[in-house]
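Pasted the sequence and its predicted model underneath.
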Amino acid sequence: MKNLAFLIMLSDKYYNAGTKPFVDISLGLAKKGYNPYLLFFRSASYSDVKNKFPQLQAYIFDSMDKINKFIEKKNIEIVISDDFIYRLKIFKKIKSKHKVIYVQHITGISIMNDLSNKQNIKLRLASYLPWKLVIRNYVRLLRNADVIIGNSLTTTHYLSSLFGISSSGVVYPPVGVDLHLTKVGTRKGILVFKGHKPDFHVRNLESDLKVLREVDEVLIWGEGGLENIRDDDLSRLYSSVKLVYSSTSFELLC
């Protein structure tokens, strides 16, 4: 079974979690003799990927019927997507021999960690519901998969302890091993990873920013700040700052 596909949905940028890990994994699989396809649906990130990686087989579709016909035509037996709840709802319409879910979001953690959020009324109300009721839909959608893989040991631990779901193992997001920390004279500044909606912060970001700005100059990475940083630029950025701060839920699962 060497024909497999990654279903990339509702992802507007190449560097988003819904796109980049699957592109990087596809590059690695192609080197090992596999035949990966990237199937885009409602994803503006398609153009970026097509331009950056012309060697990859990337296709964009405007309906699930066309995707299923393509899967049948190319004899694709394995289709992989991630566990973002809105993508899971679309993924259940896929017709393939094997479905694999790559868990990197974990719906429900936001409610557990955000009980004190006074601004998000939905989260406040949901926090009073029975846990099994809150996660019921997410768990049901996950169990439609034939194989479940986590993006870290932390993720698989949460899956087991909080959701009662066993995984088949861990595949860490690929890292450019040829990159290295650039030697710099004096490190300065603080890099704050803000993330993008719909991600949330497990700490009060604004309060922490006030403290951090008293210590040194703050550089925002994410929404409202630096966007689409290339891997080599990110390596240099990490090398130049004193501290990297992140309180977003998705990054804490890695």
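Now that the structure is in, tell me what you want to look at.

The stretch 151-254 of the chain: strands as residue ranges?
Secondary structure of the stretch 151-254 of the chain by DSSP state E, counting those that start in this stretch: the strands cover 190-195, 218-222, 243-246.

residues in contact with the second one?
With C-beta atoms under 8 Å, 6 or more residues apart in numbering as the contact definition, strand 218-222 has outside contacts at 189-196, 209, 212, 225-226, 229, 237, 241, 248. The way it works is simple: take the backbone N, C-alpha and C, and place the C-beta from them, glycine included.

Buried ones in that strand, by neighbour count?
Val218, Trp221, Gly222 (16 or more other C-beta atoms under 10 Å).

Which of these sits closest to Asp48?
Gly222 (17.3 Å; C-beta to C-beta).

So the closest one versus Leu162, what's the distance?
26 Å (C-beta to C-beta, to the nearest Å).

just Arg213 next, same as before
Relative to Leu162, and taking C-beta to C-beta, Arg213 is found at 35 Å.

Which residue in the contacts of strand 218-222 has the weakest pLDDT?
Among these, His196 has the lowest pLDDT, at 67.

show me where pLDDT drops low in the stretch 151-254 of the chain?
For the stretch 151-254 of the chain, the stretches flagged by pLDDT under 70 are 175-184, 196-202, 228, 249-254.

would you list every one of the helices in the stretch 1-150 of the chain?
20-31, 45-52, 64-73, 85-91, 109-113, 121-126, 131-142 (DSSP state H, counting those that start in this stretch).

how about the last one: buried residues?
Neighbour-count burial for helix 131-142, with 16+ other C-beta under 10 Å as criterion, is recorded at Val134, Ile135, Tyr138, Val139, Leu141, Leu142.

Ok, the third one next?
Of the residues in helix 64-73, those scored as buried under the neighbour-count criterion (16+ other C-beta under 10 Å) are Met64, Ile67, Asn68, Ile71.

what's the answer for the first one, then?
Under the neighbour-count criterion of 16+ other C-beta under 10 Å, helix 20-31 has Lys20, Pro21, Phe22, Val23, Asp24, Ile25, Ser26 buried.

In terms of residue numbering, what are the domains of the chain?
3-163, 190-252 (automatic domain parsing).

Go through the ones you listed and pick out the most buried.
domain 3-163 (a mean of 17; mean count of other C-beta atoms under 10 Å).

How far off centre is that one?
8 Å (C-alpha atoms, centre = their mean, to the nearest Å).

Over to that domain now: how far is its first residue from its last?
Using C-alpha to C-alpha, to the nearest Å, the end-to-end distance of domain 3-163 comes to 31 Å.

likewise stretch 137-147?
Distance between the two ends of stretch 137-147: 18 Å, counting by C-alpha to C-alpha.

Let me see the mean pLDDT of it.
93.

State the distance from Leu141 to His105.
12 Å.

list residues touching both of these two?
In contact with both Leu141 and His105: Ile85, using C-beta under 8 Å, 6+ apart.

can you name the farthest residue from the center of this structure?
Among the C-alpha atoms of the chain, the one most distant from their mean position (C-alpha atoms, centre = their mean) is that of Gly185, at 33.9 Å.

and it, what does it touch?
With contacts defined as C-beta under 8 Å, 6+ apart, Gly185 has no neighbours.

Same question for Asp208.
Asp208 neighbours (C-beta under 8 Å, 6+ apart): Tyr245, Ser247.

Next, work out how far apart it and Ser246 are.
11 Å.

likewise Lys93?
For Lys93 relative to Ser246 (C-beta to C-beta), the value is 34 Å.

Now render the strands of the stretch 151-254 of the chain as CSV, adding distance to His98.
As requested, the strands of the stretch 151-254 of the chain are exported to CSV (distance: least, C-beta to C-beta, whole Å):
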stretch, distance to His98
strand 190-195, 32
strand 218-222, 35
strand 243-246, 34
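
which stretch among those strands comes nearest Asp146?
With respect to Asp146, and counting by C-beta to C-beta, the nearest of the strands of the stretch 151-254 of the chain is strand 190-195 at 30.7 Å.
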